[in-house]
Structures are given as structure tokens and as C-alpha cells.
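Engineer: This is a predicted model, with the sequence first.
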Amino acid sequence: MVGTCVVGFLFAVVVRWLISLHDYSGYGKPPLFGDFEAQRHWMEITYNLPVHDWYRQTPSNDLLYWGLDYPPLTAYHSFICGYIQSKMNSSWIELNKSQGIQDADQKLFMRLSVIVPDVLLYMPAVLFYFLKCCKSTSSYKKESGMHGAFLMLLYPGLMLIDHGHFQYNCISLGLFLWSVNMMCCSQLLSAVLFVLAINYKQMELHHALVFFFYLLGRITFSLKNLIKLSLVVIVTFSLCWFPFCWSIASIRHVLVRLFPFNRGLFEDKVSNFWCSLSLLVKLKQKFSEQQLINISLVTTLFASLPSLFCLFLKPSMKQFKLSLFNVSMCFFLFSYQVHEKTILITAISSIVIYLDHKKEVSWFLIVSTFSMLPLFVKDNLVIPAISCSLIFYILSNVNILSNKPTLFQQRMMSDFCGENNYSSKYSSISDLLVHLSLISMTLITIIVLMLQPPSHLPDLFTVSVTSFSCLHFIMFLIYFNCQQLRDFVKVKAN
């Protein structure tokens, strides 16, 4: 088993490296050069400027040119990378003179700077989560754990965004997964890890309500534990924000950058509810910015309430894991200022419910990757995107197209239609939907790659991808909310 883990781990690393050999966001595209340049520029800024100038407009820090807009932990990470680069080749981060640099050695350093934390933080978190099942005496659980670990290490969406497009999602998502892993061992350590995840990328706030309601439900009758947990959270936040806590102005500069409401309801074309609805109703023309903020806030909270209600009243690990997916899906679909890459937050949330919902999670992860197709086309990452998706599809084929239900699904359906009617009432319908979905995604991909949209509808193919994906996401949200509600009702009945 150890040998199998090592081989699977090394194969996942090789795939990441092969992806990194392709183009990245903004390659050869002045004047902004894309996300690769954004990350490099943050290293330049944090290394060369004092801390209090990192998030504010100065003669040496033009916020219109990739101003830093992630929390302090990202800034500290950028500073460390900038420091290392200064020892290797100071011209890579020379203030206001290195913008748009495309040196081959510098690109190698940047690519390695993503692979290293992925290998040290995210990938071990995935292995730890699934290999816990391999300690079981059940051969079924051992096999499921090994297969799940290998499959999730090869999730195309995260690999393509981090090692192709270029970002460091593996750090915040790795911290998030470690916080889930530690929840059963130490709630205090789990809280620390999750606070660090939020302080690396503010999108982790999509999980914040779930952690809050779960921990609140677990410690309702223990004032001592509540005080300890609160102190741990406050201290961790304070340490992360310490350099910016000397004035209200410094804190305000950071917060304004972290929550840029002026960017609008959604970023470009994204597979969420508001973008799809805007095809029918021009929301930005009918409502003011503040009204859209209020509408999205109320809608997001209202959609999250059923899941959070179940979690608070019955704070079990199963409820916790389902709520992570459901609430993060609500935030992606309904919250304000969402971009296409935010689906990674929900995608990694689905990993923790994979063992109970193999077919549905595998299907969801394929759709989530497909939803970012316009971005991959823009970044010239079509070949690695198709290749990685095919590898993932082949490895998950046993889950997606298998007529054999999981043990969880057998128990679920037996309560409603009996064991003998399971295949006809659930499996055949779900398999038909999966087949139609996969065929449709294949056809849309071929159309996007082979044809040009009409000149009067230049975004036709893009909105086809996003709207198609949005319908799937709404369906998955309804399905997993039903699963959480059913588990809640069943537990309460017992």
C-alpha cells in the first residue's frame, strides 16, 4: 500500500510539472500580463516597500497595476518569495523596472514556488484525509480510500489554475483541508488552521459560517470551551494582522483592497446565478450597486439557512462535511463579486464527501473544470485541460458510469422505494443524466474550439458554457441539501 501511495503521489507531481510547461495567464499580453505577473508584482512590492505601503496607493505602488488584494498571509508569502528571488537574481523583482519580465529562469522559479507548497501542504492533506480509511479492517474502505486519494490528487481544476493559469490556491485550500482533518483531533488547532486559510485568501470566508455554526453547536453547553476557542481565533487573527494594526487607516487600506465592491456583481462571465440571470434581466441596469450588494447578501444567507440550521441542531461530522459543500455552493452561486476560479472553493469542499457520494462528486468535479473552459482557452491551456480531464474521467469512470450503487445510496433509497427497486428508480435516471451531461459538455467543447461565434454575439459560446454549468451547480446544490436534510431527519427520528 505504501508503494501504491508513493507511485500515485509521484504521478500527480509529474502531471503538475507537465502542466507548468505550458503558457500561463497573460503570457506575452501587455500591458498587464495576467495573474502570473500579478503574483510576481506582489513579490516585487512586498520586498521593496515598507509594510504600511503594501495596500495603499503611493508613487511606487500603483494599485491600478495589480495592486495587492489578498490578506496579509499572502503578502508575507510574497515577501518570502521576493526575498529568495533577490538572492538569486535581483533584477527579477527590481522595483518598477521588472514589470512584465518573462525571463526563463524566473519562470522556473515561479513554477517551483507553486509546486513546493502543493507537495508539502495540499497533497499531504488530501492523502491524510483518505488514507484514514485505509486503517479500517474493511477491504472496501481501504480500496475506496486509496482510489479516492489518487483521484482527488488529480483533480484537473486545481492543477490547471495553480500550475497552468498560475495561482497559489493550493496553500489556502491545503490549510482548509488540514483544518477539516484536525477537527476530530483538536478543535482549537482546526480553528487556527482555518483562520490561517482565511488570512491567505478571503474566499475561504465561504466556509466561515459552517465552521462557526458547527463549533457553536458543539460547545453550546461549555462556556469554558467557547472562551478558549474565541481567544484562539482572536490571537491568530491578531498575529496575522499585527503589522497593520497600528492605525485605523492601515486596516482600512487592507479591507478596501480585500473587498472591492466597485468591481461589480460578478467578474467577467462566471457560472453563477446572477451571471446567468443577467442574460434575461439586465441586473446592473435595473439596480444600483448597493441594491445588488443587499440582494446578493440576503439571497446567499437565505439559501444557506437550511444547511446551517441542520448543522447547528445536529453538529455531526457528516452534517459538517455536507454543509461545507452546500454553503460554499450558495456563496458561489449567489454572493457578490464572484469570479470563475472561485468554484475551486466548492470543488475542494466536495472532496470531503466523496466517499459517500462517489458518482455525484466525480460528476461535479468534471463540471467544475468544464465551467472554466473559457479561461483555459484564453490562457492557451486547452491541451492540458482536455488531457487532465480525460485522465480524471478514466480514473473516475467506475464511479460515474457504474450501475452499482454505493452502500450509502443503497441505504438511502431503501427507505423510500425498497432495495429491489433501487436500480430502476435512481441509478438508471442518474446514469442517463450523467451521460447526457458528458455528451453535452463534449459537444460544447468541440463547438468552442472549432467554430467562431457570430459577430453580433461574441460571448455566445462563453455564456453557453457558464449557463450550462450553472444549471448543474443548482442541481447539485438541491441534491446535496436533500441529502443533508434527510440525514438530519433520520438522526432526529432515531
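Structural biologist: Yes, it's here. As the structure is a prediction and not an experimental result, all values here were calculated from the model.
Engineer: Let me see the contact set for Thr346.
Structural biologist: Under the criterion of Cβ atoms under 8 Å, 6 or more residues apart in numbering, the neighbours of Thr346 are His206, Phe325, Ser328, Met329, Phe332, Ser368, Phe473. C-betas here are computed from N, CA, C, even on glycine.
Engineer: Distance of it relative to Gly157?
Structural biologist: If you measure Thr346 against Gly157 using Cβ to Cβ, to the nearest Å, the figure is 10 Å.
Engineer: what residues do those two have in common as contacts?
Structural biologist: With contacts taken as Cβ under 8 Å, 6+ apart, Thr346 and Gly157 have Ser368 as neighbours in common.
Engineer: Gln319: which of the contacts of Thr346 is nearest?
Structural biologist: Phe325 (11.3 Å; Cβ to Cβ).
Engineer: Point out where the protein drops to low pLDDT.
Structural biologist: 1-3, 133-140, 220-221, 398-427, 491-494 (pLDDT under 70).
Engineer: Regarding it, what is its longest helix?
Structural biologist: Once the chain is assigned using DSSP state H, the helix that runs over the most residues is helix 460-493.
Engineer: Can you list the buried residues in it?
Structural biologist: Using 16 or more other Cβ atoms under 10 Å as the test for burial, helix 460-493 gives 461-466, 468-470, 472-473, 476-477, 480-481, 483-485, 487-488.
Engineer: Which strands or helices does that helix pack on?
Structural biologist: Packing contacts for helix 460-493, counted by 3 or more Cβ pairs under 8 Å, 6 or more residues apart in numbering; DSSP states H and E, involve helix 273-277, helix 289-313, helix 317-334, helix 358-370, helix 373-378, helix 407-417, helix 428-450.
Engineer: Pull out the buried residues from the very next helix or strand once past the shortest one.
Structural biologist: Under the assignment DSSP states H and E, the closest C-terminal helix or strand after helix 273-277 is helix 283-286. Judged by neighbour count (16+ other Cβ under 10 Å), helix 283-286 contains these buried residues: Leu283.
Engineer: can you check stretch 25-37 too?
Structural biologist: The neighbour-count criterion (16+ other Cβ under 10 Å) identifies Ser25, Gly26, Tyr27, Leu32, Phe33, Gly34, Asp35, Phe36, Glu37 as the buried residues of stretch 25-37.
Engineer: Looking at the residues you listed, which are in helices?
Structural biologist: Judged by DSSP H, helices contain the following of these: Gly34, Asp35, Phe36, Glu37.
Engineer: can you give me the helices for the stretch 101-250 of the chain?
Structural biologist: Across the stretch 101-250 of the chain, reading from the start of the chain, the helices by DSSP state H, counting those that start in this stretch fall at 104-117, 123-131, 139-153, 156-160, 169-182, 187-198, 208-218, 223-241, 248-258.
Engineer: These: which one's closest to Thr4?
Structural biologist: Set against Thr4 and scored by Cβ to Cβ, the helices of the stretch 101-250 of the chain come closest in helix 139-153, at 6.3 Å.
Engineer: So which elements touch that closest one?
Structural biologist: Of the remaining helices and strands, those touching helix 139-153 by 3+ Cβ pairs under 8 Å, 6+ apart are helix 2-20, helix 123-131, helix 358-370, helix 382-400.
Engineer: mind listing what's buried in that helix?
Structural biologist: Lys141, Lys142, Ser144, Gly145, Met146, His147, Gly148, Ala149, Phe150, Leu151, Met152, Leu153.
Engineer: Let me see the contact set for Gln484.
Structural biologist: Pro306, Ser307, Cys310, Leu311, Gln319, Leu322, Ser323, Asn326 are the contacts of Gln484 under Cβ under 8 Å, 6+ apart.
Engineer: Packed most tightly, which of the helices and strands packed on helix 139-153 would that be?
Structural biologist: Each of the helices and strands packed on helix 139-153 was assessed for mean neighbour count using mean count of other Cβ atoms under 10 Å. The highest is helix 358-370, with a mean of 25.
Engineer: What helices and strands are in contact with it?
Structural biologist: Helix 358-370 sits against helix 139-153, helix 156-160, helix 343-351, helix 382-400, helix 428-450, helix 460-493, with contacts defined as 3+ Cβ pairs under 8 Å, 6+ apart.
Engineer: Convert the C-alpha atoms of that helix to PDB, please.
Structural biologist: Output in PDB follows, covering the C-alpha atoms of helix 358-370 (Å, rounded to 0.1, in the frame of the first residue of the first chain):
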ATOM      1  CA  LYS A 358     -18.600   9.000  -5.400                       C
ATOM      2  CA  LYS A 359     -20.700   9.300  -8.600                       C
ATOM      3  CA  GLU A 360     -22.100  12.700  -7.800                       C
ATOM      4  CA  VAL A 361     -18.800  14.200  -6.600                       C
ATOM      5  CA  SER A 362     -16.900  12.900  -9.600                       C
ATOM      6  CA  TRP A 363     -19.500  14.300 -11.900                       C
ATOM      7  CA  PHE A 364     -19.500  17.600 -10.100                       C
ATOM      8  CA  LEU A 365     -15.700  17.900 -10.300                       C
ATOM      9  CA  ILE A 366     -15.800  17.300 -14.100                       C
ATOM     10  CA  VAL A 367     -18.500  20.000 -14.500                       C
ATOM     11  CA  SER A 368     -16.500  22.400 -12.300                       C
ATOM     12  CA  THR A 369     -13.500  22.000 -14.600                       C
ATOM     13  CA  PHE A 370     -15.600  22.500 -17.700                       C
END
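Engineer: Much appreciated, bye for now.
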